[in-house]
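here's a sequence, model it:
(one chain, ligands or ions: 1)
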Amino acid sequence: MSPSTLIMGKPITKLTSDLRKQTYAFLEKLTEDDSSPGLHIEPIKNSRDSRVRTGRVSLQYRAVLFRLDGPTHPAYVFVGVWNHDDAIVRAQKSELTVNPVNGVSEIHFLDVDPQPAVDVKKPLVEAAPARSSAPTILGYTTAELRDFGLDGDLAARAARATSDDEILDLAEHAVEWQGLALLDLSAGTPPEVVREKLGLDRPVDAPGGEVTDTTILRGFEHPAAKLTYTFIEDNDELRRAIEQEDFGAWRVFLHPEQRRYATQATSGSFRLTGGAGTGKTVVLLHRADDLAHRRGGRILLTTFTTNLAGELSRGLRQLAPDVTQTPALHQEGVFVSGIDALASAVIKSAGGRILGARKTVLGAEDGGLGRRTNTVEAWQSAVAAAGTDLPLPLQSVAFLDAEYAEVILPHRLIDLAGYLKVRRPGRGVRLNRGERTAVWRVIESYRLSSRAAGSIDFREAAAIAAAYLDSEAETGHRRLFDHVLVDEGQDLSPPHWLLIRSLAAVGPDDVFIAEDSHQRIYGRRITLKQFGIAVVGRSRRLTLNYRTTAEILDFAMRVLEPGAYRDLDDEIEKSSDYRSARGGPAVGLRPCASLTEELATAAEQVRTWTTEAGLSDQPLESIAILVRDQYNRDRVVTGLAERGVTVRSIDREGTVGGAPVVMTMHRAKGMEFRDVLLFGIGADSIPRGFSEYEYSESEVSDALLRERSLLYVAATRARDQLVITWAKQSSPLLPASA
Ligand SMILES: Nc1ncnc2c1ncn2[C@@H]1O[C@H](COP(=O)(O)OP(=O)(O)OP(=O)(O)O)[C@@H](O)[C@H]1O
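As a prediction, the model looks like this:
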């Protein structure tokens, strides 16, 4: 009996569930003993590569594999499963080799019908587009591209390409790392940076050496090979690799950059930025898994809302079922929680000791901590109660709320004297002494009425929890967590950051933050260093969009273009170098003359997508209609029902299967769908009127950025198709063309 190592690639063909089971059984047997008679592992006559084998999965189906001699036992590279005759042809024309420039292992299929798969090379016979006089766009010669490691044919075609579409098409059909390198080069990324991103600056072996089974096996260990191939360690992993559809690839195949950020130890806090769909959440989940296995201890995985935390928890369970997700604080394992729920849990766990922290933050020990204030109503009553010597613009809920969260709570101000002295950089509006006094009167009134009602607001809860944890640490208690992982960092408010800082001691691997300033749809920009989170020199960016097609990404980036975005490190956020390796249909822009026509257009579109979903076995809840507000959400549900289309409205609860969903753009944050319809994108609905921000120009421009971001977030929820409808006048935030 001779056990064998198994290496699997991303699936090239889609398997039915029966065939998947048979393939699993075949591969399980192969790893136990490759000489089992039932496997029929056989070489193929007239094959390009003597290592190629086929194996018997069922009467009708054969697996195509490569056999390599490993140091102690054989290794098999599983290519895929085909009908008997197709498998023979595929086996004959497949070749396993290492890249002569960097030693990365690659499989090439020559003269085989191109499949819509990541690592299938276009046949030579389809060859060069007719010579055209249009200028080439890449700016590299064939020889330069070959020196970079691109295959000869790909290099020649790329050097001749005259449009981005041509490059995208070549990239889609190339060996995966080569396609990604090509996209980066075509976007102007310097070759040495592309090499570093893909780990090619660290070749496996000296280039140009002899290709042996040993060098091929080593080449599969290279980060660029791991984009596409994985070593299967045990049967659980085998099951996951076989059962994964497209949606599950993130669990197994990471981009070299993603892998680096998921696994590398950091000397302090770390910030990972990246546009929508670049896999920030995927990195966080892998990092949680890696920390749990490598370092152990108490790990926090947190995000903006409880709904998103639920998604993180589910994702971690899928990725790492063996990692303990603890339901309680103070325990080893991963604690997954929305940031506000975490603040509440800290307050609850503190018992009577929380009162000191309440006093530190709010100036009084008494008053409830369990209920949450309705802030809008509370500010309005506080303004009314405090009298009107405050200039009108400063009476706005938006101003008061921001002043409270950005100045008063972070500085733990509890009296007028403190407020008169405090510096308020970045607030965009100067206040003289009289104005500060008037504002403070409103704050006092706000605090008094919440105290009487026995409630605190969410920001107060975070600030109190932080003050409590800081005081515990000062008296020698351990911080609550060893490692803190934060998703959707761009939307956290200053009190949230106080809380994050207070959760883990400053040191290696303490706080890891994923954020995208382009997706800030709540609050205002802040910088991390003011909360003691130092990420200078430990800040990196992901640029490859795994979610959306190039067409949707391009459209979404044009929504953002006129805005100036700054990240949590106060750097201007570039939007030009994001790219997708996948093409698809153009974004559909559907102007309508009236609401009635818009509803009819939406109904027709959802009907079409529902039919397509049925044909391709996709769940109906992968179709979403996103709207600006709840009013429109309800209007769409009713309007579509009247036209015979059933859709489900989603509010706080999670998505239930069985029907297309309708939700607000805010609710869709962090989610993704196959098809997305943005409904009601008219001039009167987005951007919103900014009367509440009229106290400061910078607030108005910030609010406008948030509106752009909201549209960007909504558009980038779509994986494959995006359609936008409006009645009468279109939103000025929409790019002029798709
Ligand atoms: N290495 C990968 N292989 C395959 N799919 C991936 C990979 N990384 C990410 N994805 C997929 O891309 C999509 C987006 O990933 P993810 O949600 O982590 O991105 P994000 O940057 O957090 O997005 P957003 O900021 O828009 O919420 C998901 O469907 C995820 O499964």
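
I'd say Glu699 and Asp401 touch.
No. Taking contacts as CB atoms under 8 Å, Glu699 lies outside contact range of Asp401: 11.3 Å. Every residue, glycine included, has its C-beta placed from N, CA and C.

in the stretch 251-400 of the chain, where is pLDDT below threshold?
388 (pLDDT under 70).

residues from it in reach of the ligand?
By CB under 6 Å from any ligand atom, the part of the stretch 251-400 of the chain that sits against the ligand consists of Phe253, Leu254, His255, Gln258, Gly274, Ala276, Gly277, Thr278, Gly279, Lys280, Thr281, Val282.

would CSV of these with neighbour count be doable?
Supplementary listing: those in CSV, determined by neighbours: other CB atoms under 10 Å:
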residue, neighbour count
Phe253, 21
Leu254, 22
His255, 27
Gln258, 25
Gly274, 23
Ala276, 26
Gly277, 25
Thr278, 26
Gly279, 24
Lys280, 26
Thr281, 20
Val282, 23
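
helices along the stretch 301-450 of the chain, start to end?
For the stretch 301-450 of the chain, applying DSSP state H, counting those that start in this stretch gives helices covering 306-319, 339-350, 354-362, 375-386, 397-403, 416-421, 433-453.

for Tyr546, which of those is the nearest?
Shortest distance between Tyr546 and these, using CB to CB, is found for helix 306-319: 14.1 Å.

and of the helices of the stretch 301-450 of the chain, who's closest to Asn46?
Nearest to Asn46 among the helices of the stretch 301-450 of the chain is helix 306-319; the distance by CB to CB comes to 42.4 Å.

name the residues of that closest one that are buried.
By neighbour count with 16 or more other CB atoms under 10 Å, helix 306-319 contains the buried residues Asn307, Leu308, Ala309, Glu311, Leu312, Ser313, Gly315, Leu316, Leu319.

looking at these, which one is closest to Leu498?
Ala309 (19.4 Å).

and the least confident helix or strand in the chain by mean pLDDT, which residues are buried?
Using mean pLDDT, DSSP states H and E, the weakest-scoring helix or strand in the chain turns out to be helix 235-243, at a mean of 78. Judged by neighbour count using 16+ other CB under 10 Å, the buried positions of helix 235-243 are Glu237, Leu238, Arg240, Ala241, Ile242.

output the residues you listed in JSON lines; the columns should cover distance to the ligand.
Listed next are the buried residues of helix 235-243 as JSON lines, based on distance: CB to the nearest ligand atom, whole Å:
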{"residue": "Glu237", "distance to the ligand": "16"}
{"residue": "Leu238", "distance to the ligand": "18"}
{"residue": "Arg240", "distance to the ligand": "13"}
{"residue": "Ala241", "distance to the ligand": "13"}
{"residue": "Ile242", "distance to the ligand": "16"}
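
returning to that earlier point: tell me which of the residues of the stretch 251-400 of the chain next to the ligand fall in strands.
Counting by DSSP state E, the part of these found in strands is Gly274.

count the neighbours of the residue in the stretch 601-738 of the chain positioned nearest to the ligand for me.
In the stretch 601-738 of the chain, no residue comes nearer to the ligand than Gly670, which is 4.6 Å away by CB to the nearest ligand atom. Using other CB atoms under 10 Å as the criterion, Gly670 is surrounded by 21 other residues.

what does Ala181 give?
Under the criterion other CB under 10 Å, the count of neighbours that Ala181 has is 27.

tell me the SS of it?
Under DSSP: H, G, I helix; E, B strand; the rest coil, Ala181 falls in the helix class.

in which helix or strand would I find the residue lying closest to it once chain neighbours are set aside?
Of all residues beyond its chain neighbours, the one nearest Ala181 is Val194 (5.2 Å), with distances taken as CB to CB, 6 or more residues apart in numbering. Under the assignment given by DSSP states H and E, the secondary-structure element containing Val194 is helix 191-197.

contacting residues around whichever helix or strand comes after that helix?
Note on helix 191-197: by DSSP H and E, the next helix or strand toward the C-terminus is helix 213-219. Helix 213-219 is touched from outside by 51, 68-71, 75, 96-99, 103-106, 204-205, 209, 225, with contacts defined as CB atoms under 8 Å, 6 or more residues apart in numbering.

again, only using 6 Å
Outside helix 213-219, the residues within contact range by CB atoms under 6 Å, 6 or more residues apart in numbering are Leu68, Asp69, Ala75, Val98, Gly103, Val104, Ser105, Val204, Asp205, Ala225.

out of these, which are buried?
Leu68, Ala75, Val98, Gly103, Val104, Ser105, Val204, Asp205, Ala225.

what is the least confident helix or strand of the chain packed up against?
When contacts are defined as 3 or more CB pairs under 6 Å, 6 or more residues apart in numbering; DSSP states H and E, helix 235-243 packs onto helix 17-32.

helices or strands up against the helix it packs on?
Under the contact criterion of 3+ CB pairs under 6 Å, 6+ apart, helix 17-32 touches helix 235-243.

what angle separates the helix it packs on from helix 17-32?
Here helix 235-243 points in a direction 140 degrees away from that of helix 17-32 (axes from the mean of the first three to the mean of the last three CA atoms, to 10 degrees).

helix 235-243 versus helix 306-319: what angle between them?
Orientation note: helix 235-243 sits at an angle of 110 degrees relative to helix 306-319 (the same axes, to 10 degrees).

when you give positions from now on, start the count at 50
Got it, first residue is 50 now, which makes that one helix 284-292.

sorry, back to before: count of neighbours near the residue nearest to Ala230?
Close neighbours of Val243, defined as other CB under 10 Å, add up to 19.

and it, how close does it get to the ligand?
17 Å (CB to the nearest ligand atom, to the nearest Å).

likewise Ala501?
For Ala501 relative to the ligand (CB to the nearest ligand atom), the value is 40 Å.

and the pLDDT at that residue?
According to the prediction, Ala501 has pLDDT 90.

neighbours around the residue nearest to it when sequence neighbours are not counted, how many?
In space, and not counting its chain neighbours, Ala501 is closest to Gly416: 7.8 Å by CB to CB, 6+ apart. The number of residues packed near Gly416 is 17, by other CB under 10 Å.

how about Gln141?
Gln141: 19 surrounding residues under other CB under 10 Å.
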